Every structure is written in C-alpha cells, then in structure tokens.
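Enquirer: got a sequence here, can you build the structure:
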Amino acid sequence: MDKSVLDQLKEHTVVVADTGDFESIKQYAPRDATTNPSLILKATKQKDYASLVDQVISRAVQNGINDVDQVMDQLLVQFGLSILEVVPGRVSTEVDARLSFDFDASLEKARSIISLYEENGISRERILIKLATTWEGVEVSKVLEKEGIHTNMTLLFSIVQAVACAEAGSQLISPFVGRILDWHRKQYDKEFVGIEDPGVQSVIQIFNYYKKFGHPTEIMAASFRNAGEIKELVGCDLLTIGPKFLEEMQQDFSTIEVKLLESNAQESNLAKIEMNEPTFRFLMNEDTMATEKLAEGIRKFSADVRSLEDLLKNLLTA
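Expert: Numbers count the residues shown, from 1 in each chain. Have a look, this model is predicted:
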C-alpha cells in the first residue's frame, strides 16, 4: 500500500500535535505536542479529562493552596506531564497571555513553570515555554535561552517578529498560517489557494530568511485552515497540526513533494533586517495585519485563561 500523506510528511518535516487531547496524540504518533489556553480549556470540558482536573484540585486542597494562579500553573503542567508520557520529544506550555507586555512577570512565570516540571523529574530540554511575540516576549526569550530554558514564540504573523526572535536566540517560532489567511480573506473578500495563500507565503519568506542568514531558530508553522496549506509547507522544520487534519492526511494517499528547500533560500533576494526595539515597533505598526492579529490573539488567549480561572475557582470552592 502507498504511504499516507501523513507518513510522507513525517519523512521531511517534524510533525507536532496541536491539541491537549492525549488520545489524539497517541493515535497519530507525533514527535512533539503543543498546547495553549484554548486547547486546555477545551480539553477540561471533556469527560475523559475530568479526573485529571480533579487530581490537580484535590492536590491543591490537600496542600492548602487556594491561589488560583498557582493551581492554574499546576493544571497546565499536569497536562504537559501527561502529554510527555505519550510523545518522545517536547511539549510547549504557555505563559499567561495577560502578561504579554510585562517583562518581569513573564520571566517569573516562565521560571515557575520550568520549576514545576523539574520538580516532577522532567528535564527543561523537553519543555518549550510559549510566549506571545511582543517586544517584551522577545526580550524574555533572550534571557530564558541564556538560562537553558527554551522558548516557543507564538502569535507570530510577520517577518519582523521572526527576525527579532532569531536575533534573540529563541529556540522556535510558531507562525500562524491560518490566522493570516483569515485576515486576508476578510480584508479582500476572496479565496487564496495553494501557494497564493498569504499565510503560506509568510512562512516561506521566514524559512528563506532563516536559512539564507544562518539562523538556527526552528520554524514550526501553526494554525492551519486546510490540508492544502500543510502540503505547501512540506520541508518546514516542524508543523503543528490539529487532530482534524492529522486524520485527513492519514486517510489521504496522494503523493506530496518537498516545497521548502534550503537551496531556494540561498538564491532568494531577501535583504538582512537590522533589528532593535524602535525598528520592531515601527515595522509592526506599519503591518496592519500583524498588529491586529497579535492583539486579537492575546485577547482571545486571555479570555480563555479567565474562563479556566473561573472553572478552577468554582472547583476550589465546591
């Protein structure tokens, strides 16, 4: 039998599961997994994960912990620990999006999350701390990487953000392909297919820039709207994919080809961007899409963090 698209993809790109659903992760055998507040919130509403939430709440009550912020961290880490029992590689755990513009608080939170993992016997090499790609997030990443705490820079929509992360030494970036497409669909009231997809084009530009100028930061394209976007990015360092598209590609036996090649990157005519804070802020301000989608993403993740907090408050007082 011919290989599925998913199996072919794994030959050229590291596949990462974009879910908090352990059963889905087991089914598709990705190397890594990534979570965010929205995915964790969704998982906590499923019966299969009620025992995990109850376990975290019971332990908090037994230890006299009633601070919701602490319990939230323990819940996120518990999900991460459970995922690490399934995947051989890394899991990403996100810093509270409400801290996206607070350097000190983000740094403290990231260190706290790593400490919880290490208390449970997990090496920091298996954890990626997710930070929103604000200037403050980039600066936090720079400090954490020097401490051996690796970062996954999320809510990334532009080459400007990507260059800032590369120069900060971030381990990995997550360009949001589908959300870029969403913005362009709404803005121009038209469909974009295949290589014309602006989200796909953004990742290709970042890939070419990184490979041309020798940046080792990993690129993990994320937030897909269709499997066609994934097929256009074969050869990207990593792709984080939700269960819906993992299933679709597992049932698809068409032939795919590598689209992102380092040889093409070397031939590109991209110019090096000299990055600093004023340049970052100005070029982001010039990019309406990136500015709007970054702000929107922080608001959405913040709302889901608040919903998780409300859930935990109710359980703690029950």
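Enquirer: residue boundaries of the strands in the stretch 201-318 of the chain?
Expert: 218-221, 238-241 (DSSP state E, counting those that start in this stretch).
Enquirer: next, the buried residues of the first one.
Expert: Spelled out, it's strand 218-221. In terms of neighbour count (16 or more other CB atoms under 10 Å), strand 218-221 has its buried residues at 218-221. To be clear about C-beta, it is placed using only N, CA and C from the backbone, and glycine gets the same treatment.
Enquirer: next, format these as a markdown table and append pLDDT and distance to residue 54.
Expert: Below are the buried residues of strand 218-221 laid out as a markdown table (pLDDT from 0 to 100; distance: CB to CB, whole Å):
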| residue | pLDDT | distance to residue 54 |
| --- | --- | --- |
| 218 | 98 | 36 |
| 219 | 98 | 38 |
| 220 | 98 | 32 |
| 221 | 98 | 35 |
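Enquirer: can I get those residues in JSON lines with distance to residue 208?
Expert: Below are the buried residues of strand 218-221 laid out as JSON lines (distance: CB to CB, whole Å):
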{"residue": "218", "distance to residue 208": "15"}
{"residue": "219", "distance to residue 208": "10"}
{"residue": "220", "distance to residue 208": "16"}
{"residue": "221", "distance to residue 208": "14"}
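Enquirer: now distance to residue 312 too, for the strands of the stretch 201-318 of the chain, in TSV please.
Expert: Listed next are the strands of the stretch 201-318 of the chain as TSV, based on distance: least, CB to CB, whole Å:
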stretch	distance to residue 312
strand 218-221	29
strand 238-241	26
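Enquirer: how about low-confidence regions in this structure?
Expert: 1 (pLDDT under 70).
Enquirer: rerun that using 80 as the cut-off
Expert: Filtered on pLDDT under 80, the chain yields the residue ranges 1, 37, 318.
Enquirer: top helix in it by residue count?
Expert: The longest helix of the chain (DSSP state H) is helix 288-317.
Enquirer: hmm, residue 221 and residue 173 touching each other?
Expert: No: the criterion here is CB atoms under 8 Å, and residue 173 misses it with residue 221 at 9.3 Å.
Enquirer: can you pull out the helices in the stretch 151-300 of the chain?
Expert: 159-168, 177-188, 198-212, 227-231, 243-250, 262-267, 277-286, 288-317 (DSSP state H, counting those that start in this stretch).
Enquirer: quick one, the longest one and helix 159-168 angle?
Expert: Here helix 288-317 runs at 70 degrees with respect to helix 159-168, directions being taken by axes from the mean of the first three to the mean of the last three CA atoms, to 10 degrees.
Enquirer: check the offset of helix 288-317 from the chain's centre.
Expert: 15 Å (CA atoms, centre = their mean, to the nearest Å).
Enquirer: for the remainder of this discussion, apply numbering that starts at 48.
Expert: I'll keep to 48 as the first residue from here, and by that count the last item is helix 335-364.
Enquirer: check which helices and strands it sits against.
Expert: In terms of contacts (3 or more CB pairs under 8 Å, 6 or more residues apart in numbering; DSSP states H and E), helix 335-364 is packed against helix 84-91, helix 97-109, helix 115-131, strand 174-179, strand 198-203, helix 206-215, helix 224-235, helix 324-333.
Enquirer: got the buried residues for the first one?
Expert: The neighbour-count check on helix 84-91 (16+ other CB under 10 Å) flags 84-88, 90-91 as buried.
Enquirer: residues contacting the closest residue to residue 202 other than its chain neighbours?
Expert: Computed as CB to CB, 6 or more residues apart in numbering, the closest residue to residue 202 that is not its neighbour in sequence is residue 344, at 4.1 Å. Residues near residue 344 by CB atoms under 8 Å, 6 or more residues apart in numbering: 144, 179, 201-202, 223, 226.
Enquirer: now tabulate those in CSV and tack on distance to residue 296.
Expert: Listed next are these as CSV, based on distance: CB to CB, whole Å:
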residue, distance to residue 296
144, 30
179, 29
201, 23
202, 25
223, 19
226, 21
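Enquirer: looking at neighbours, which among those is most surrounded?
Expert: The most crowded member of the contacts of residue 344, judged by other CB atoms under 10 Å, is residue 202 (30 neighbours).
Enquirer: test my guess that that residue contacts residue 340.
Expert: Yes: between residue 202 and residue 340 there is a contact at 7.5 Å, judged by CB under 8 Å.
Enquirer: overlap of the contact sets of those two?
Expert: residue 223.
Enquirer: hang on, the earlier thing: in the longest helix of the chain, what's buried?
Expert: Those would be 336-337, 340-341, 344-345, 347-349, 351-352, 355, 358-359, 362, for helix 335-364 by 16+ other CB under 10 Å.
Enquirer: tell me what angle it forms with helix 97-109.
Expert: 60 degrees.
Enquirer: distance of the closest residue to residue 315 other than its chain neighbours from residue 310?
Expert: Nearest in space to residue 315, with sequence neighbours left out and distances taken as CB to CB, 6+ apart, is residue 255 at 4.4 Å. Residue 255 sits 11 Å away from residue 310, going by CB to CB, to the nearest Å.
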